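> predicted coordinates and the sequence they were generated for:
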Amino acid sequence: MGGLMRLIEKVLGYLLICLTALIVAGVTWQVFSRYILQDPSSVTEELSRFLLIWIGLFGAAYAYRTGSHLGLDIITTRLKGGAHKLSNLFIHLSVGTFAVVVMIIGGISLVQLTMNPAQVSASLEIEMGFIYLAVPGSGILITLFAIDNLIATLNNKEPAGE
């Protein structure tokens, strides 16, 4: 499972690089068209908003995988042995549970709610359900990463990114 997780992490990293490049290009064009051409583009503004949603959600999954997410580790860094292992199990189990219940189940409900009847974005005319697919998508990735971290912790290995 470790090889698959490394592949997913690598693909996710490249996806985030591409999304970030797209948002930079879109915002640059927005500024150029607004101040130089005196004709602001409404498409790039909406596209940038949607890209920011995707970057934020998939970036959270990537940050969790690499251990670069925010966390209060004042107590957990002082724990040793079994207490440290138990705290890691609790943390990864909590993250996985949240990802399944809120992000996957709730995210699928959100996507269904916006697909039927279809809510369409104003400028791009994209069904909002496709934009909101980032919620269950990132939830699935976080769940996979949490399961991998749980397995690593149970096998007395350091989880990825720690």
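Yes, it's here. Nothing here was measured: the structure is a model prediction, and the numbers come from that model.
> list the contacts of the closest residue in space to E46 that isn't next to it in sequence.
Leaving aside its chain neighbours, E46 sits nearest to S123 (4.3 Å; criterion: Cβ to Cβ, 6 or more residues apart in numbering). Quick note: C-beta positions are derived from backbone N, CA and C, even for glycine. S123 makes contact with S42, V43, E45, E46, L47 under the criterion Cβ atoms under 8 Å, 6 or more residues apart in numbering.
> of those, which belong to helices?
Taking DSSP state H, the ones among the contacts of S123 that sit in helices are S42, V43, E45, E46, L47.
> quick check: the second one touching L124?
Think V43. Yes. Look at V43 against L124 with Cβ atoms under 8 Å: they come within range, at 6.2 Å.
> what is the lowest-mean-pLDDT helix or strand in the chain packed up against?
When the helices and strands of the chain are scored by mean pLDDT, DSSP states H and E, helix 81-98 comes last with a mean of 93. Here helix 81-98 touches helix 134-154, going by 3 or more Cβ pairs under 8 Å, 6 or more residues apart in numbering; DSSP states H and E.
> which residues does the helix it packs on contact?
Applying Cβ under 8 Å, 6+ apart, the set of residues contacting helix 134-154 is 1-2, 5, 8, 12, 53-54, 57-58, 60-61, 64-65, 85, 88-89, 92-93, 95-96, 99-100, 102-104, 106-108, 110-111, 158-160.
> and if we set it to 7 Å?
For helix 134-154, the external contacting residues (Cβ atoms under 7 Å, 6 or more residues apart in numbering) are 1, 5, 8, 12, 53-54, 57-58, 60-61, 64-65, 85, 88-89, 92-93, 95-96, 99-100, 103-104, 107-108, 110-111, 158-160.
> these, buried ones only, as a ChimeraX selection?
Listed next is the ChimeraX selection for buried residues among those, using 16 or more other Cβ atoms under 10 Å:
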select :5,8,12,54,57,58,60,61,64,65,88,92,95,96,99,100,103,104,107,110,111,159,160
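> right, I'll call it a day here.
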